[in-house]
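# let's see this in three dimensions:
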Amino acid sequence: MAKSDEDRLLDHSYDGIQEYDNPLPRWWLWIFYATIVFVPIYYLVPGDIGAGKGMIARYEAEVAAYKASAPPPAAWDAAAFAARAKDPALLASGKTVFETNCAACHRADGGGLIGPNLTDDAWIHGGQPAQIHVTVTQGVLAKGMPSWERLLKPEQVDAVIAYVLSLHGTNPKDGKAPEGTADTTAVAAPAAPAPGA
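Predicted structure coming up:
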């Protein structure tokens with residue numbers, strides 16, 4: 001029986017195993033060549049050919065539509081805060097929120113650990129209630145302070161600001177050295193809460 005060209009063995013063997021030198025099936029080669037042609041076209045043509053916009057353009061359009069329809073955020077009312085800043089209930093609430101969320105960096109007495117001392121006249125980002133409000137709600141990411149705007153209710157933010165202002169001048173033992181610039185125009189601190197409040 002004569003061997004055809006299709007039954008030709010290759011000259012090498014792998015661990016005693018020899019293989020035929022058969023061509024690949026034509027259907028397999030056509031699929032292979034088609035994928036070579038398809039991949040660059042797929043890479044270059046955007047996915048939504050009909051719309052003509054990419055995902056980023058759609059996102060920007062949706063954000064613009066939302067901003068156009070959403071009401072503007074309510075501005076923080078500094079005058080209303082000043083009227084309530086000395087309220088003992090607000091200060092007690094502020095102390096609770098401060099000890100829960102802020103004491104890890106500023107100490108419970110405001111003397112400062114990782115965060116700055118809140119009892120002296122020096123302020124890094126301003127000592128006015130409106131400036132403290134911005135610092136609390138927006139955070140200071142460069143220094144590791146998170147934004148508390150989404151974690152605290154507006155009443156809790158006001159309470160924390162009132163409590164921080166009440167800490168001014170308490171001079172805790174082993175307080176951190178002053179950081180920032182002195183702010184002598186800061187609003188007079190509300191009366192500190194009674195011990196045990």
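# quick one: the helices in this protein?
With helices called from DSSP state H, the chain shows them at 26-44, 55-69, 78-84, 88-101, 103-106, 129-138, 154-166.
# between those, which gets nearest to Ile17?
The closest of these to Ile17 is helix 26-44. By C-beta to C-beta, the value is 22.4 Å. Yep, even glycine has a C-beta here, placed from its N, CA and C like the rest.
# mean confidence for the closest one?
Per-region confidence: helix 26-44 scores 94 on mean pLDDT.
# domain ranges for this structure, per the record?
Following automatic domain parsing, one finds the domains of the chain at 8-69, 78-182.
# highest mean neighbour count out of the ones you listed?
Most buried of the domains of the chain, by mean neighbour count (mean count of other C-beta atoms under 10 Å): domain 78-182, with a mean of 17.
# picking that back up, which of the domains of the chain has the lowest average pLDDT?
Mean pLDDT is lowest for domain 8-69 among the domains of the chain, at a mean of 83.
# end-to-end on that domain?
75 Å (C-alpha to C-alpha, to the nearest Å).
# next one: it to chain centre, how far?
Taking C-alpha atoms, centre = their mean, to the nearest Å, one finds the center of domain 8-69 at 36 Å from the center of the full chain.
# excluding its backbone neighbours, what's nearest Val164?
Leu118 (5.4 Å; C-beta to C-beta, 6 or more residues apart in numbering).
# circling back: turn the helices of the chain into CSV, including distance to Pro172.
Below are these laid out as CSV (distance: least, C-beta to C-beta, whole Å):
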stretch, distance to Pro172
helix 26-44, 63
helix 55-69, 44
helix 78-84, 25
helix 88-101, 13
helix 103-106, 10
helix 129-138, 18
helix 154-166, 13
